[in-house]
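Q: show me the folded form of this:
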Amino acid sequence: MSLASTSVSGSENGAPISLETERRRTMRIVHQAEKEVISFREKVLKKARTTDFLDDMQDLVQFVVDRNQVKRYPKNITDFTNLLNKVRIIEARY
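A: Numbers count the residues shown, from 1 in each chain. Have a look, this model is predicted:
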């Protein structure tokens, strides 16, 4: 069965697709994704403050600063992103 006939008739057996059913299915997927994001935030990010996450981030920032041979830390996330991209370009060459 071709794609056009499937989309026009609804399904391969000819029954039309209910828009309400598709909307509900989509909303279930969105709701599940939102729950997973909240769960991830609570499990990982809140615990990150008490684990080695901050130490690892400090090590990453220090590595980027050292690799770029700059004398001060980045002022904001944009500066850090630019420095990190420079490190990626340098490392890609080797």
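
Q: pop the domain breakdown of the chain in here.
A: Following automatic domain parsing, one gets these domains for the chain: 1-51, 52-94.

Q: can you list those domains in TSV and add mean neighbour count and mean pLDDT?
A: Glycine gets a C-beta too; all of them are placed from N, C-alpha and C. Shown next, in TSV, are those (neighbours: other Cβ atoms under 10 Å; pLDDT from 0 to 100):
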stretch	mean neighbour count	mean pLDDT
domain 1-51	10	73
domain 52-94	11	83
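
Q: max-length helix in this structure?
A: helix 19-40 (DSSP state H).

Q: from residue 31, how far out is the most centrally placed residue in the chain?
A: Centrality entry for the chain: nearest residue to the mean C-alpha point is residue 37, 10.3 Å, by Cα atoms, centre = their mean. Distance, residue 37 to residue 31, using Cβ to Cβ, to the nearest Å: 11 Å.

Q: which strand or helix spans residue 56?
A: helix 53-68 (DSSP states H and E).

Q: and the following helix or strand past that helix, what does it pack onto?
A: Counting by DSSP H and E, the next helix or strand C-terminal to helix 53-68 is helix 77-93. Here helix 77-93 touches helix 53-68, going by 3 or more Cβ pairs under 8 Å, 6 or more residues apart in numbering; DSSP states H and E.

Q: could you dump the helix it packs on to PDB, C-alpha only?
A: Only the C-alpha atoms of helix 53-68 are listed here, as PDB (Å, rounded to 0.1, in the frame of the first residue of the first chain):
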ATOM      1  CA  PHE A  53      30.000  17.200  39.700                       C
ATOM      2  CA  LEU A  54      31.200  20.600  40.800                       C
ATOM      3  CA  ASP A  55      34.700  19.400  41.100                       C
ATOM      4  CA  ASP A  56      34.600  17.900  37.600                       C
ATOM      5  CA  MET A  57      33.200  21.200  36.300                       C
ATOM      6  CA  GLN A  58      35.900  23.200  38.000                       C
ATOM      7  CA  ASP A  59      38.500  20.800  36.400                       C
ATOM      8  CA  LEU A  60      36.900  21.300  33.000                       C
ATOM      9  CA  VAL A  61      37.000  25.100  33.300                       C
ATOM     10  CA  GLN A  62      40.600  25.000  34.500                       C
ATOM     11  CA  PHE A  63      41.500  22.700  31.600                       C
ATOM     12  CA  VAL A  64      39.900  25.000  29.100                       C
ATOM     13  CA  VAL A  65      41.600  28.100  30.600                       C
ATOM     14  CA  ASP A  66      45.000  26.300  30.700                       C
ATOM     15  CA  ARG A  67      44.600  25.000  27.100                       C
ATOM     16  CA  ASN A  68      43.800  28.400  25.800                       C
END
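
Q: that concludes my questions; thank you for your assistance.
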